[in-house]
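> structure, please.
(2 chains)
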Protein chains: 2
Amino acid sequence: MPRVHVDLAERSYDIIIGAGVLESAAEHLRSIVAGRRLAVVTDAVVKQHYLPSMQSALDDISSRWDTYCIDGGESAKSFAGLESLLTQMLSDGVDRGSVLMAFGGGVVGDVGGFAAALLMRGIELIQVPTTLMSQVDSAVGGKNAINTSHGKNLVGSFLQPRIVLNDVSVLRSLPAGELRSGYGEIIKYGLLRGEQQFSWLEHNAHALLAHETEVLTEAVRMGCETKAQIVSEDERDHGKRALVNLGHTFAHAFETQAGFGAFPHGVAVAVGLIAACELSERSGACSTGLADRVRSHTHAVGLATDLPGLSQAVDWSALELHAHMAHDKKTVDGQINFVLLNEVGKPFVTKDISAEHVRESLVALGASSCK
Amino acid sequence: MPRVHVDLAERSYDIIIGAGVLESAAEHLRSIVAGRRLAVVTDAVVKQHYLPSMQSALDDISSRWDTYCIDGGESAKSFAGLESLLTQMLSDGVDRGSVLMAFGGGVVGDVGGFAAALLMRGIELIQVPTTLMSQVDSAVGGKNAINTSHGKNLVGSFLQPRIVLNDVSVLRSLPAGELRSGYGEIIKYGLLRGEQQFSWLEHNAHALLAHETEVLTEAVRMGCETKAQIVSEDERDHGKRALVNLGHTFAHAFETQAGFGAFPHGVAVAVGLIAACELSERSGACSTGLADRVRSHTHAVGLATDLPGLSQAVDWSALELHAHMAHDKKTVDGQINFVLLNEVGKPFVTKDISAEHVRESLVALGASSCK
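I've put the predicted structure just below:
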């Protein structure tokens, strides 16, 4: 099975990718769990559909395992949700020798990962993500967080997992819209990585969205490998790790303007990627044509390609969107951090961007310029 | 001024110790704060009495500073207290470029340090502890935590500060009881460190408790240096760091039995140190006489030397105390981790201790053996 190594000195780990990883979980987890107690944080849907595949493996490798179901929705990423999970685990006697497995989508990975980071100041963590978005992005790299009334992911920590198990079989039952949303992040990794990878996506996206196992496996592998390379150079997000935010400065502004949850994150990311390409062209970083190329691919896979495509119900004011970017948590002293491309596979981070170019790029995506 | 270096690779930092450190804070903090925004977490008493000494330094080195007063009592170490502090800072616009200063006793250091660890997944931290206990122990080494209904410090994280400022002048106004309690931890460091340091304490304790600046400075320096050496070898508490728990396995059991807050932590630690010496003798780790020597010194400085001395109102059952130890958060699989001494300055960690010897040691301290 394909395996990606995340190189972080004593915090290094592997990501196992393929069909049937859950069934062979015992083989991958035995030396990590090593007969210890396991706390499996999951949600009701994942527990019902996918836990049975792993049940005998968990019986086999752990002294005892219990499941902790949280709500899979964004609202579970709260102080109250975190406190309730931690208190329940402590009350059951989960201790510093126990291992926490986060088994589910992005919310489970975030809340489970955060709980593992804080319980007894940190217990070991295993990530078993079950959505395309979490397999390729949120379960890799050790970030976790909850939301506050002042914004998403403003309170959190870093805890690298001991291993990530990416079973692409579970993606087969993912609703088409969720798979497509996750694909938004895969486009991002193609653009970050290089011409070969991006044109491979252009040729294989339809097979991927038709759940073809080999294509899914390769796309997840490419995404994980790209993220692993970046994270291993800047684990704590002091510089280069900003590259994985390609498209996200825009996407977060779209989500803030529309209200979180108005459309899936990955759909906003896809439009954000087109915006980042528009800005790269307008600021002279890359030659004309990149934005159109990304727009065509995004359109071909059925993702929105502009702001009205994200939502007709939102007032897409370029000025207001720009103001949201200036208040993003990544912004320090009002200087917005943009990730741009010189060409496919040549991303860079810059603060030196004119407000005019930002607004023009937004207008090119259908934002109104007049207020 | 004396300075202790905590050697932790890229997380290394200095502890500055002496009288008047607050007045000269600008000199120590300028390169760290570097004109950025500062969030000062403190309590009302510290703010009133000691903040004025640092006010002009803070004006001088930061672009803006605000104070966040929390309750200085143990009840502030809660999820609710942490959430309220984080939300207030976010609402004021504290961002990832800001620096958090924890200015107060152990509770302020814990809650402030934890908030710094979690805000935007970690902002920089400065510790300015104002009690003997926090100067010599809790502000050094990067641990922070809050309490849960299942026990103290069960939820927390590690965040090393950029610097620790230990102004011994502020200890002059510390109530005698609090100074004496902090001295319990200093006895611990003397025992961990060596014959020279422990006998120095035997000769100088009265001057220390009379607030003599030079003696206070040297005692705090010795404690910090001892802890720094241990922490630098085992930052994440996987082995050697357990040594700083000398006396604490017992002390936590005393506190659990009596209910937290029945007596100051350091007073329980002093009795716990005598218990650890009794156990060292009984299990053959050290020669007879060590427990009596520590008991004499503890008595000489006016600290309790046995369980009835801690409280007359508690049922000190050896069996119940032993059961508490088996449920301590440091205990994994029911195997209690004891720190014993071969002699002064020669501590070691062991799980290989007979229940009989533990109970005999407790009885030697006045516990009842019959139930």
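
> state the pLDDT value of the closest residue to chain B within the stretch 251-371 of chain A.
Of all residues in the stretch 251-371 of chain A, A:Val332 sits closest to chain B, at 4.2 Å by CB to the nearest CB. (Each C-beta comes from the backbone N, C-alpha and C, glycine too.) Looking at A:Val332, its pLDDT is 72.

> equivalent analysis for A:Glu360, please.
With respect to pLDDT, A:Glu360 scores 96.

> what do you get for A:Lys371?
51.

> one step back: kindly state the beta-bridge partners for the residue of the stretch 251-371 of chain A closest to chain B.
A:Gln335 (DSSP bridges).

> confirm for me that it is in contact with B:Gly93.
No: A:Val332 lies out of contact with B:Gly93 (CB atoms under 8 Å); the separation is 11.3 Å.

> between the two, which has more neighbouring residues?
With neighbours defined as other CB atoms under 10 Å in any protein chain shown, A:Val332 and B:Gly93 compare such that A:Val332 has more, 16 against 12.

> what sits against the more buried one?
By CB atoms under 8 Å, 6 or more residues apart in numbering or on different chains, A:Val332 lies in contact with B:95-97.

> same thing but 10 Å
Counting by CB atoms under 10 Å, 6 or more residues apart in numbering or on different chains, A:Val332 makes contact with A:351, B:36-37, B:95-98.

> circling back to that earlier point, who touches both of A:Val332 and B:Gly93?
B:Arg37.

> now do the buried residues in the one helix or strand A:Arg30 maps to.
Here A:Arg30, judged by DSSP states H and E, is contained in helix A:25-33. Across helix A:25-33, burial judged by 16 or more other CB atoms under 10 Å in any protein chain shown covers A:25-26, A:28-29, A:32-33.

> which one of those residues is nearest to A:Tyr50?
Nearest to A:Tyr50 among the buried residues of helix A:25-33 is A:Ala25, at 10.8 Å by CB to CB.

> wouldn't the closest one be in contact with A:Gly18 here?
No: between A:Ala25 and A:Gly18 there is no contact under CB atoms under 10 Å: 12.0 Å.

> got any residues that touch both of the two?
Joint contacts of A:Ala25 and A:Gly18 (CB under 10 Å, 6+ apart) are A:165, A:167.

> now do stretch A:149-158: distance to the chain's middle.
When distances are taken as CA atoms, centre = their mean, to the nearest Å, stretch A:149-158 is centred 15 Å away from the chain's centroid.

> could you dump that stretch to PDB, C-alpha only?
Provided in PDB are the C-alpha atoms of stretch A:149-158 (Å, rounded to 0.1, in the frame of the first residue of the first chain):
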ATOM      1  CA  SER A 149     -17.600  33.500  18.600                       C
ATOM      2  CA  HIS A 150     -14.800  35.600  17.100                       C
ATOM      3  CA  GLY A 151     -14.000  33.100  14.300                       C
ATOM      4  CA  LYS A 152     -13.100  29.600  13.300                       C
ATOM      5  CA  ASN A 153     -10.100  27.700  14.600                       C
ATOM      6  CA  LEU A 154      -8.900  30.500  16.800                       C
ATOM      7  CA  VAL A 155      -8.200  28.300  19.800                       C
ATOM      8  CA  GLY A 156      -6.200  25.100  19.200                       C
ATOM      9  CA  SER A 157      -2.800  23.400  19.300                       C
ATOM     10  CA  PHE A 158      -0.400  21.200  17.500                       C
END
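
> buried residues in the strand ranked longest in chain A?
Longest strand in chain A by number of residues (criterion: DSSP state E): strand A:151-158. Neighbour-count burial for strand A:151-158 flags A:152-158 (criterion: 16+ other CB under 10 Å).

> which stretches of chain A form strands?
For chain A, applying DSSP E gives strands covering A:3-6, A:13-18, A:37-42, A:64-69, A:99-104, A:124-129, A:143-148, A:151-158, A:163-167, A:338-341, A:347-350.

> looking at these, which is buried most?
With neighbours defined as mean count of other CB atoms under 10 Å in any protein chain shown, the strands of chain A peak in mean count at strand A:99-104, which reaches a mean of 28.

> interface residues of the stretch 1-150 of chain A facing chain B?
A:10, A:36-37, A:63, A:78-80, A:82-84, A:86-87, A:89-93, A:95-98, A:114-115, A:117-122, A:142-146, A:148-150 (CB under 10 Å from any CB of the partner chain).

> mark which of the residues you listed are buried, thanks.
A:36-37, A:78-79, A:82-84, A:86-87, A:89-90, A:95-96, A:98, A:114-115, A:117-122, A:142-146, A:148, A:150.

> can you give me how far stretch A:220-233 is from the chain middle?
12 Å.

> check stretch A:14-32 too.
With CA atoms, centre = their mean as the basis, the mean position of stretch A:14-32 lies at 21 Å from the chain mean.

> now that stretch: mean pLDDT?
On average, stretch A:14-32 scores 97.

> measure it end to end?
Stretch A:14-32 has an end-to-end distance of 12 Å (CA to CA, to the nearest Å).

> how about stretch A:47-66?
Start-to-end, stretch A:47-66 (CA to CA) is 11 Å.

> got the buried residues for that stretch?
Applying 16+ other CB under 10 Å to stretch A:47-66 flags A:47, A:50, A:53-54, A:57-58, A:61-62, A:65-66 as buried.

> would you turn the contacts of A:Val332 into TSV with distance to B:His5 and pLDDT?
Formatted as TSV, the contacts of A:Val332 follow (distance: CB to CB, whole Å; pLDDT from 0 to 100):
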residue	distance to B:His5	pLDDT
A:Lys351	35	93
B:Arg36	24	97
B:Arg37	28	97
B:Asp95	30	92
B:Arg96	27	92
B:Gly97	26	93
B:Ser98	26	97
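
> for the residues you listed, give me TSV that also has distance to B:Ala210.
As requested, these are exported to TSV (distance: CB to CB, whole Å):
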residue	distance to B:Ala210
A:Lys351	57
B:Arg36	40
B:Arg37	41
B:Asp95	46
B:Arg96	45
B:Gly97	44
B:Ser98	40
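
> how about the helices of the stretch 251-371 of chain A, start to end?
A:265-282, A:290-300, A:307-310, A:318-326, A:355-364 (DSSP state H, counting those that start in this stretch).

> quick one: which of those is nearest B:Arg193?
helix A:318-326 (53.0 Å).

> hmm, the closest one in reach of chain B?
No: using CB under 10 Å from any CB, helix A:318-326 stays clear of chain B, with a minimum separation of 11.7 Å.

> leaving aside the residues next to it on the chain, what's closest to the single nearest residue of the stretch 101-250 of chain A relative to chain B?
Across the stretch 101-250 of chain A, no residue is closer to chain B than A:His150, which sits at 4.1 Å (CB to the nearest CB). Once flanking residues are discounted, A:His150 sits nearest to B:Leu90: 4.1 Å by CB to CB, 6 or more residues apart in numbering or on different chains.

> show me the domain layout of chain A.
Using automatic domain parsing, the domains assigned to chain A come out as A:3-173, A:176-364.

> what is the end-to-end distance of the last one?
Spelled out, that is domain A:176-364. OK, domain A:176-364 end separation, CA to CA: 28 Å.

> what's the answer for stretch A:276-292, then?
Start to finish, the residues bounding stretch A:276-292 are 12 Å apart (CA to CA).

> how about that stretch: buried residues?
A:276-283, A:285-286, A:290-291.

> thank you kindly, that will do.
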